Structure formats: structure tokens, C-alpha cells
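**Student:** Sequence plus the predicted model coming up.
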Amino acid sequence: MSVLFITEYKAVAVASGAGGPLAVALEPPVATQVVTINLTSTASAVFNVDTHFVRLNTDETCSVKFGASPTATTNDERLAANQTEFFGISRAGLSVAVIANS
């Protein structure tokens, strides 16, 4: 069974002493989800209201689509097997849909 791991974050880490933001997520995450990747689109739960960006990790090549009620197709943004990407979330009420791709 192939899955898309979703980790929801509120903020980036800040370096102590220097005081500037770092290019890393601030742990612990706001929420986590696991969505099964199928030949049909499967949507995640709506992201937490405090989520400002997400980390997606997939163990199978797939396509993803963000939206209020998204349906992913194989023409949407593609992630390769074992790829990890971060995406900013523009507003509350969004989720991500995933579908298997080649």
C-alpha cells in the first residue's frame, strides 16, 4: 500500500542568538496525516486552522492538487517516488488530494 505522508506546520524555526528565520520547520508539527495513494483521487482531511505550510512525502510517484475540495488528476503537480516537498498554505479550509501517476 502506497501512501502520502502529510506533516502540517505553523512556523519556521528561528536561530537563537542570530534571531533570523531558518529554512526548517519548527517542531512539533501542528498535525500529521497519512493518505493512501490509489488510481482514483483521494483527499486528505482539511488542514488545521494553524497550518501555514505542509511537508509532503510520498513512497510512490503521484500527482497532488491543493484546494477547498480538490480532485487530483495525473495532469496535476507530480511528485516522484520517495520525494519530499514543502508547500505554503494560503488560507484556512484547504486540503490536498493525491492520485497515483507514472
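**Tutor:** Received it, and whenever you're ready, just let me know what you need.
**Student:** wait, isn't Thr51 in contact with Thr7?
**Tutor:** No: under the criterion of Cβ atoms under 8 Å, Thr51 is not in contact with Thr7, lying 9.6 Å apart. Any C-beta I mention is one placed from the backbone N, CA and C, and that applies to glycine too.
**Student:** excluding its backbone neighbours, what's nearest Val3?
**Tutor:** With sequence-adjacent residues excluded and distances taken as Cβ to Cβ, 6 or more residues apart in numbering, Val3 is closest to Val34, at 5.2 Å.
**Student:** Look up the residues forming beta bridges with that neighbour.
**Tutor:** Phe5 (DSSP bridges).
**Student:** And for Val14?
**Tutor:** Applying DSSP bridges, one finds that Val14 bridges with Pro21.
**Student:** Repeat that for Glu77.
**Tutor:** With DSSP bridges as the criterion, the beta-bridge partners of Glu77 are Val64.
**Student:** which residues does it contact?
**Tutor:** 63-65 (Cβ atoms under 8 Å, 6 or more residues apart in numbering).
**Student:** Need those in CSV (columns: pLDDT).
**Tutor:** Below are the contacts of Glu77 laid out as CSV (pLDDT from 0 to 100):
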residue, pLDDT
Ser63, 98
Val64, 98
Lys65, 98
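**Student:** Name the member of those with the most neighbours.
**Tutor:** Neighbour count (other Cβ atoms under 10 Å) singles out Val64 as the most crowded of the contacts of Glu77, with 25 neighbours.
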